[in-house]
Structures are given as structure tokens and as C-alpha cells.
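Enquirer: take this sequence and fold it.
(2 chains)
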2 protein chains.
Amino acid sequence: MRTANPSAQPAAITIDLDSIRQAHERIRPRIHRTPVLTSRSLDALAGARLFFKCENLQKTGSFKIRGATNAIFSLSDDQARLGVVTHSSGNHAAAVSCAAAWRGIPAFIVMPKNAPAVKCRAVESYGGKITFCEPNVTSRSETAARIQAQTGAVLIHPYDDDRIIAGQATAAKELLEDFPQLHAVLAPVSGGGLLSGTSLAAKSLCPAIRVFGCEPQRADDAYRSLATGTLQHLETSDTIADGLRASLAPRTFAILLKFVDGILLVSESEIVATMKLVWERLKIVIEPSSAVALAPLLRPTGLKEIAFPPDHGSTKPSIGIILSGGNVELKW
Amino acid sequence: MRTANPSAQPAAITIDLDSIRQAHERIRPRIHRTPVLTSRSLDALAGARLFFKCENLQKTGSFKIRGATNAIFSLSDDQARLGVVTHSSGNHAAAVSCAAAWRGIPAFIVMPKNAPAVKCRAVESYGGKITFCEPNVTSRSETAARIQAQTGAVLIHPYDDDRIIAGQATAAKELLEDFPQLHAVLAPVSGGGLLSGTSLAAKSLCPAIRVFGCEPQRADDAYRSLATGTLQHLETSDTIADGLRASLAPRTFAILLKFVDGILLVSESEIVATMKLVWERLKIVIEPSSAVALAPLLRPTGLKEIAFPPDHGSTKPSIGIILSGGNVELKW
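Expert: Numbering: from 1, shown residues only, chains lettered A, B, ... in the order given. Take a look at the predicted model:
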């Protein structure tokens, strides 16, 4: 279901590379600097040199711990005292629960009732207190507001928050510190926390780099928002990429409008085939949302869609891919 | 089926830390220095701090490329000219094929006809020429000898070879360079190339460290060989750990007798449960043989079996685990 929200225009951009550097200093002692993997067989399939930033190997199994840790450790003791509340389909929920436990404060988590069981168990394992809601934006926000009023907890929005965006940006910062020669970076996009942070960090550190968001066809609000210049919303989505069912917010939309070169859409079958290929070739477990960021490059048109070769001659492009998480139900 | 071979006594030990250092210099430009992963949830289950050396993320998907590269790049041009021949249930086969391709020479590979399809495809993808044999030691050796006679290729034995042992030892060398404080290292054992190299490297670099081999109950020749002091053979085994169906050789047996502190046996159900746990918690794909090296620590008696706590008081032991490979058929 698609809706446009003409009143929701892009916000002003209020973070920069300094915010990202400060976030990195704040979270560095608590998170992993995740490895970057390569695969000659995947390079051959893509016709490019691929550098996979493995946030599936990050603490809590996704990049979300970066933003959550930055947000929660940015709070003053007085702000933090009554805990934090958030709504999330899963990975942000686990991350907020974990970071709140590190800080020693309660975490109240609103999750859609169709969230994967593995993600609910993760929240509980970190001590988060779950309240289930209907799987739509309105129910999420209303439930979170109610809990906020009842408990006095501080809302940590999953992406419409500068502290979250600055935290998520540190994955791309690490990748580009390790591999500054990259021609492009691809990341999945949902609410836009990861992609806005990635694009802001990448363009600030390497002005010539190109940055693309990757999105399921079944959850194409970012594609339509950038195409129309007006923020679009998904009310619901049934994509297998369960981490990508949210819509952009004014804050992330503004950053994407300025720093992102395009949004690439992928089908459900491309997501599944790519996920399997990564498990087989890279020997790592990724969730469907992660596969979305590689899938476009496996199409015959992949490099053309990101405008290679423009002037690179015979040089194979070097492309960074942010594998966002690895929290998937194993059925066997 | 079990047989003792009283004539096969341990050989003299003809490699040392210098051989391992030379091997590392030789192979370093061609292999990955694999990452070491940690997991608080697995630590909690084991009651120890665990450091997973991820050879499943190594080139060709297992540690075997270390030994194969060292052996093949140790050959003179004249020795290498007619190619190499080997017999292997899979990972050594892929590794020899890959290293031979790097050197630009043919690789003739004898594989048991029940080898996993994924491992056969890997050999072919590197250009190895497969000849299938019966799944027993006699057929393997006879088929390899015949091909050797026909082609003039040099035999690269999968483990009864100092160059192979020195190469496999570099995984433990890297692990202990990164984490010299480890109290123990666990590795799977089959023919003993990995475990002999691991124990020789570990005891040479850290004399106080303890080293244990881990083996399926269904393929317990190393356990019985060390218990009796006489080299024992498996004629066949049907363990799910398809990489651990070979038997020790005189050369590896000698090193194990001197440097290994014990062999821990695990059941088939422990192997499967551990493999699933690693996929879930570490977000990496490992094959059953890799799970064998963690499985003993997940038993209530795990630390006692490796004699902790001896004099460590309240300090949790730090234990390195070599995850040997990730080549497993994905069924979905």
C-alpha cells in the first residue's frame, strides 16, 4: 500500500563529518570494527572488485548497535534515568536493548506482531521489555508514545535521529578508512538511517565516490521519494527483507536527496538467490535485507545501473557493499 | 571398521618452528590472514573466553590452502613441471587445485565417490582433474599411485608431508600472534595435518599452552592411537563430519604424541547442534568438521575435560578454536 505525504518535506541537515567522528570515538570501545571480506568468484560474477563490510558480524548481529550505542551513550545521566523506548521490526530493537543494558537502564521495545521470532528472542536475551503492536506505522508510533507517557522513557527513534544516523555512518567510515580507493558504495535502504549515514560519511571522506541505496521493489518508498522529490510512505510491505519495511523520515530524506546518486530496486527472487550465493561463497550468514545491497550488481546491467564504466577505461570498479545484518531464522 | 597397524610406528619429527616461519613467509602473499571472531553468548555457554580462528573464511573455504600452497610453491620448476596429484575427500583437493592453478601446473585429484557434490564442483572450478575412487584408504592410494605413474605428477599427500604440516601450522601461528594469552587451543583431527601443525606451532610459541584434538566418536582413530601408543586406522567412517574420515599417518602421529594433551570425542548429534549454534550466533557458515572443535566445550564437563580450572582460580580460561572450513551443501 502506497501513500504520499506532501506535508513531510525534507528537514534541514544538522549533522556532518564531525558528528560522525565524535560518534565513532564514543562507540569504538564497545563495538566491533567488523572485517571486510572479498571473494574472487563474486568479483567475477559482478565484473567488479567487491569489498563486503560485514555488519552481520557486528555485536547484536547488525549495524544497528552503532547508532543505538551512540544515541544511548549521548544521553545525560538525568535523561537516561527512566530508560529508553523505541519501535523496530527487530535489529534496532535488539541493539537498543543491548546498549541500554550496557548503560544499566531499562529498554521498552515496541515490535510489530509479525516480527521474526529470532529477533524477538534477541531483544529478550538483552533484557528488553517487548510490547507488540499492529504491523503498521501508525500503531507503532501510537504504542511507543503511550509507553513513553507511562514510563518517562526517552524515545530513541530507529532512524529519524541525528545520533542514530551518525552512529550508522561509522560503518562506511571504517570501510573507507580501510579501502579509500572505492569508486562506489551500496547499502540497503529502509528508514534511511544506514543509507543517510553511509552517504554523508562517504561523500565527506571521498567526494568523488558514488553512493547508491538498494531497496526491494515491494518496499520502494525511497525510490519514489527521490524520484518525485516528495517524501512517500509505505503503510505496509510483505517483502522477505524484513528489515526494510519502514519508510524514510524527513531527516533521512534530506540527506539522501543531497548525497545519494540513485536507488536500485530488486525483486524478491533476486533477494533470495543473492542471499544463498553469499552464504555459499563468502561463508557467512546474512539476512535477506543484506542481500538487497549486492543483488543489483549480479544483473547483466548491474554496472551500467551505477554508471560504470564512465571514464574508468579497462579498470574494474572497486565497490563497497554494506552487509547490514545476519539475524535470520535457521530452519533445519 | 577399525584396524590396528602395529608396523606403523611414529616417524621421526623433521619439522620445527623455523619450517613454519618459512612456510608463512612463502604463503603469506597468497592467502588471507583470517579474522578471529568472538561471541559473548558462546562464551557464556562454554564458561570461557573463546577465540574463533575463521579458516572457513580462508581462500577455497578451508585451512587446506595453507599447506597446499606451501607444498606446491616449495617445488622446483623441474619438480613442478608435470603437475601434482593428490587424494582427498574434498578440501585438500580444492586447495591443491587452486594452488596448482596459481603456479600454472596441472592438478590430478583422486576423490572418493561419496564426496559432497559441493566439494567436487569446487575442484572443477579451480581446474582440477577428478578421478573417483572407492571410499577407502586402499583405493585412494592405489588410484593416486596409478595416476602418478601415468602422468609423472608429484604426489602432494594431504597430511603425511612436512610441507603440508608446516603450512597448516600457520593458522595457529597467526592466532597466537594475535592472542598470545590463550590457555588452550582446540582443533579437529582427521589425518592430523592441522592438529600436528597446530600443536607444534602452539607449543613452540607458547610452551605453557595446552592443545587438544577433537574427533567424531565415529572416526576415533586418533583417540585410540594416542591411548595405545600404536597407530590405528579407520578403514571407513560414516560421520557427518566428512572432512574427518581419514586416519593419522606416521609423521602426524609422531608430532601428536609429543605435543598434544588429549583427544576429545564428540557424538554426531553434538556436531549437528554445535554447527547450528555457530551459524546462529557467529553468523558464519561452517562445515560439520569445524563444529567438532567447539562441541566438547558445550558439554557441562567441557572445561574439566581440558583440565580447567587447574590453577587459574576465578580467571575464565581463554581458548582458541580453529574453525577449519565452511564448505557445506546448502539445501534450500
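Enquirer: what residues sit buried inside stretch A:97-112?
Expert: Buried residues in stretch A:97-112, counted by 16 or more other Cβ atoms under 10 Å in any protein chain shown: A:97-103, A:105-112. All C-beta atoms are positioned from the backbone trio N, CA, C, and that covers glycine.
Enquirer: got the end-to-end distance for that stretch?
Expert: With Cα to Cα, to the nearest Å as the measure, the first residue of stretch A:97-112 is 16 Å from its last.
Enquirer: any part of that stretch near chain B?
Expert: No. Using Cβ under 8 Å from any Cβ of the partner chain as the criterion, no contacts between stretch A:97-112 and chain B are found, and the smallest distance is 9.8 Å.
Enquirer: name the residues of stretch A:235-247 that come out as buried.
Expert: Buried residues in stretch A:235-247, counting neighbours by 16+ other Cβ under 10 Å, are found at A:237, A:239-247.
Enquirer: how about the strands in the stretch 51-200 of chain A?
Expert: With strands called from DSSP state E, counting those that start in this stretch, the stretch 51-200 of chain A shows them at A:84-87, A:107-112, A:129-133, A:154-155, A:184-188.
Enquirer: what mean pLDDT does the last one get?
Expert: Pointing back at strand A:184-188 there. Strand A:184-188 shows a mean pLDDT of 98.
Enquirer: now tell me what touches it from outside.
Expert: Under the criterion Cβ atoms under 8 Å, 6 or more residues apart in numbering or on different chains, residues A:172, A:175-176, A:194-195, A:198-199, A:202, A:209-215, A:241, A:243-244, A:264, A:289-290, A:292-294, A:296-297, A:306, A:308, A:317, A:319-322, A:324 lie in contact with strand A:184-188.
Enquirer: quick check, nearest of the buried residues of stretch A:235-247 to residue B:21?
Expert: Comparing the buried residues of stretch A:235-247 against residue B:21 with Cβ to Cβ picks out residue A:243 as the nearest, at 45.4 Å.
Enquirer: my read: that closest one touches residue A:89, true?
Expert: Yes. Between residue A:243 and residue A:89 a contact is recorded at 6.3 Å, counting by Cβ atoms under 8 Å.
Enquirer: let's see stretch A:277-288 as CSV, backbone CA atoms only.
Expert: Included here for stretch A:277-288 are C-alpha records, laid out as CSV according to Å, rounded to 0.1, in the frame of the first residue of the first chain:
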residue,chain,number,x,y,z
LEU,A,277,25.0,-17.1,-3.1
VAL,A,278,26.6,-15.1,-0.2
TRP,A,279,26.2,-17.9,2.2
GLU,A,280,27.8,-20.3,-0.3
ARG,A,281,30.7,-18.1,-1.5
LEU,A,282,31.5,-15.8,1.5
LYS,A,283,30.7,-18.5,4.1
ILE,A,284,28.7,-16.0,6.2
VAL,A,285,25.1,-15.9,7.3
ILE,A,286,23.3,-12.8,6.1
GLU,A,287,19.7,-11.8,6.4
PRO,A,288,17.6,-11.0,3.3
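Enquirer: ok so, going back, and which of the buried residues of stretch A:235-247 is nearest residue A:63?
Expert: With Cβ to Cβ as the yardstick, the closest approach to residue A:63 among the buried residues of stretch A:235-247 comes from residue A:243, at 10.2 Å.
Enquirer: from residue A:221, how far off is that closest one?
Expert: The gap separating residue A:243 from residue A:221 is 14 Å, by Cβ to Cβ, to the nearest Å.
Enquirer: picking up where we left off before, can you say which of the contacts of strand A:184-188 are buried?
Expert: Using 16+ other Cβ under 10 Å as the threshold, A:172, A:175-176, A:194-195, A:198-199, A:202, A:209-215, A:241, A:243-244, A:264, A:289-290, A:292-294, A:296-297, A:306, A:308, A:317, A:319-322, A:324 are the buried ones among the contacts of strand A:184-188.
Enquirer: so of the buried residues of stretch A:235-247, which two are at opposite extremes in space?
Expert: Spatially, the most separated pair among the buried residues of stretch A:235-247 is A:240 and A:247, at 17.8 Å (Cβ to Cβ).
Enquirer: re the thing from before, who wins for proximity to residue B:67 among the strands of the stretch 51-200 of chain A?
Expert: Using Cβ to Cβ as the criterion, the shortest distance between residue B:67 and those is 36.3 Å, found for strand A:184-188.
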